[in-house]
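1. predicted model and sequence follow; I will ask about them next.
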Amino acid sequence: NAGVTQTPKFRVLKTGQSMTLLCAQDMNHEYMYWYRQDPGMGLRLIHYSVGEGTTAKGEVPDGYNVSRLKKQNFLLGLESAAPSQTSVYFCASSPTGDNTEAFFGQGTRLTVV
Amino acid sequence: GNSVTQMEGPVTLSEEAFLTINCTYTATGYPSLFWYVQYPGEGLQLLLKATKADDKGSNKGFEATYRKETTSFHLEKGSVQVSDSAVYFCALRNAGGTSYGKLTFGQGTILTVHP
């Protein structure tokens, strides 16, 4: 049971470089989420998706873009990385948007130098 | 918009002590409420949930009651163990409206239990 898989697990970027984080889930879930976790700030929602082909902004969307071309994948892009984007990024998915459990990936630790 | 506020941490306890982690929320309508736990180096996992007023969620000795009148969902455990050391997150999810499905977390509370 793979569940939610994030790729890569670690990455170091230089300021201005771009990259894409991949989140894949094999549970046929409709809802997917991208969060960043910073010390003292908890988890802050970047973007989320309520189904294939749809995306919505969360609390901290600036500097990020997302796509959900396939139901099982949710991509998070950084077009021009900044040191402020140094963080641990978590992806999650859930079957529905009401009271069902969200399943999390193991996280991606990104450092921008 | 929706928000979740947790008590300031970190919390340090001795084994077998009583635990309370406070959580209050602001939301429109009737959100579902959750507690998630994060062990070192791992992603979050669901600890318990409650979906309507006066519901009590429970799991592994932890409990939390959905109090709509005080907009609270405090986490409690009668006797903590060293293995309970982790970060605990309170969360809510909209039940309707334009932000349906949005899952919002509090800032997390670090719990350390000493033998």
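-> Cool, the structure landed. Residues are numbered from 1 along each chain as shown, chains lettered A, B, ... in the order given.

2. low-confidence bits of chain A, can you list those?
-> The model of chain A has pLDDT under 70 over residues A:1.

3. identify the residue of it closest to chain B, quick one.
-> A:G97 (2.6 Å; C-beta to the nearest C-beta). C-beta: built from backbone N, CA, C; applies to glycine.

4. what residues are up against that residue?
-> The contact partners of A:G97, taken as C-beta atoms under 8 Å, 6 or more residues apart in numbering or on different chains, are A:30-31, A:50, B:93-94, B:100-102.

5. surely it is in a helix?
-> No - according to DSSP: H, G, I helix; E, B strand; the rest coil, the state of A:G97 is coil, so it is not within a helix.

6. tell me the residues of chain A that contact chain B?
-> Residues of chain A lying near chain B by C-beta under 8 Å from any C-beta of the partner chain: A:4, A:31, A:33, A:35, A:40-45, A:48, A:50, A:56, A:58-59, A:90, A:92, A:94, A:96-99, A:101-102, A:104-107.

7. in strands only, show me the residues you listed.
-> Members of the residues of chain A next to chain B lying in strands (criterion: DSSP state E): A:4, A:31, A:33, A:35, A:42-45, A:48, A:56, A:90, A:92, A:94, A:104.

8. hang on, the earlier thing: are any of the residues of chain A next to chain B buried, and if so which?
-> Among the residues of chain A next to chain B, those scoring as buried are A:4, A:31, A:33, A:35, A:42-45, A:48, A:50, A:56, A:58-59, A:90, A:92, A:94, A:97-99, A:102, A:104-107 (criterion: 16 or more other C-beta atoms under 10 Å in any protein chain shown).

9. and stretch A:41-57, end to end?
-> In terms of C-alpha to C-alpha, to the nearest Å, the two terminal residues of stretch A:41-57 are separated by 18 Å.

10. now stretch B:54-62 - C-alpha only, CSV.
-> Coordinates of the C-alpha atoms in stretch B:54-62 are reproduced here as CSV (Å, rounded to 0.1, in the frame of the first residue of the first chain):
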residue,chain,number,x,y,z
ASP,B,54,-21.3,17.3,21.4
ASP,B,55,-19.7,14.4,19.5
LYS,B,56,-16.7,12.9,21.4
GLY,B,57,-13.8,11.5,19.4
SER,B,58,-11.5,9.0,21.0
ASN,B,59,-8.5,6.8,20.2
LYS,B,60,-5.5,5.4,22.0
GLY,B,61,-6.7,6.9,25.3
PHE,B,62,-7.0,10.4,23.8
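
11. alright, I will stop here.
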